[in-house]
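Asker: this is the structure alone, sequence omitted:
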């Protein structure tokens, strides 16, 4: 049946023939580009602008391959531009933050360095870490939740917020018993904490329901 037989005017027929659908990929790319601002919060979130960039390129390819059926080139380019800007901006910010976060006079210590050799089942902690006993170190981690939520002077610092915030028991070598020195105190939060002070290797009893601890930190820096 023709458009005339269907009761449509020639103008309506022309408008219909020129109709093109908005590319879903282009819209998705733009939304991902906007969400890419979260890449400033952590390296894992850099995946968002990377995906946004890929989806935007796919959208452009589909629009170019089907010019009479799809539109949204401008939206796709906007998504690509936002993804690129936040990807490089976020990576640059996180790199700068990592390089400058250790205060002067301290050396970085990671939780990976605290782990024993998996090929030596009887090893409680790595021999190399004993050499750092008494060293002024900087470490990051999450506060294991206890009964006290404000004015905290002593707490267990954990490697992973999944363990410490959702009822899990962190490994013995993923715990550091922190004692805040002087006027320093802490309000409980699920965000990552940055601390520095004197590191000690001394097996003992932990707090807040955790049965043991090997590593201690007498902290004089908190951020």
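Answerer: Noted; the coordinates are in hand. Given the structure is predicted, the values throughout are model-derived calculations rather than measurements.
Asker: what's the mean pLDDT across the longest helix along the chain?
Answerer: Looking across the chain with DSSP state H, the single longest helix is helix 73-100. Average pLDDT, helix 73-100: 96.
Asker: just the buried positions in that helix, please.
Answerer: If you call a residue buried by 16 or more other CB atoms under 10 Å, then helix 73-100 has these buried ones: 75-80, 82-84, 86-87, 90, 94. For the C-beta atoms, the positions are set from N, CA and C on the backbone; glycine is no exception.
Asker: next one: stretch 141-150
Answerer: Across stretch 141-150, burial judged by 16+ other CB under 10 Å covers 141, 142, 143, 144, 145.
Asker: residue 19 versus the closest residue to the second one other than its chain neighbours, what's the distance?
Answerer: Translated: residue 142. Closest residue in space to residue 142, ignoring its immediate chain neighbours: residue 161 at 4.2 Å, by CB to CB, 6 or more residues apart in numbering. Separation of residue 161 from residue 19 (CB to CB, to the nearest Å): 50 Å.
Asker: with neighbour numbers in mind, choose between those two.
Answerer: Neighbours were counted for residue 161 and for residue 19 using other CB atoms under 10 Å; residue 161 has more, 16 against 9.
Asker: still on that earlier bit, from the buried residues of stretch 141-150, which land in strands?
Answerer: Taking DSSP state E as the definition of strands, the buried residues of stretch 141-150 contribute 141, 142, 143.
Asker: contacting residues for the residue sitting nearest the centre point of the chain?
Answerer: Residue closest to the mean C-alpha point of the chain, counted by CA atoms, centre = their mean, is residue 42 at 3.3 Å. By CB atoms under 8 Å, 6 or more residues apart in numbering, the contact set of residue 42 is residue 94.
Asker: let's see that with 10 Å instead.
Answerer: Taking CB atoms under 10 Å, 6 or more residues apart in numbering, we find residue 42 in contact with 90, 94, 192.
Asker: now distance to residue 50 too, for those residues, in TSV please.
Answerer: Below are the contacts of residue 42 laid out as TSV (distance: CB to CB, whole Å):
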residue	distance to residue 50
90	11
94	14
192	23
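Asker: ok, these vs residue 134, which is closest?
Answerer: Among those, residue 192 lies closest to residue 134 (CB to CB), at 25.4 Å.
Asker: and stretch 64-78, how far out from the chain's middle?
Answerer: With CA atoms, centre = their mean, to the nearest Å as the basis, stretch 64-78 stands 33 Å off its chain's centre.
Asker: pull the residues that contact that stretch.
Answerer: 17-31, 33-34, 55-63, 79.
Asker: again, only using 8 Å
Answerer: So stretch 64-78 is contacted by 20-23, 25-27, 29-30, 33, 56, 59-60, 62-63 (CB under 8 Å, 6+ apart).
Asker: start to end distance for that stretch?
Answerer: From its first residue to its last, stretch 64-78 covers 16 Å (CA to CA, to the nearest Å).
Asker: swap in stretch 36-50?
Answerer: End-to-end span of stretch 36-50 (CA to CA): 9 Å.
Asker: may I see the buried residues of that stretch?
Answerer: Buried, per 16+ other CB under 10 Å, within stretch 36-50: 36, 37, 39, 40, 45, 46, 48, 49.
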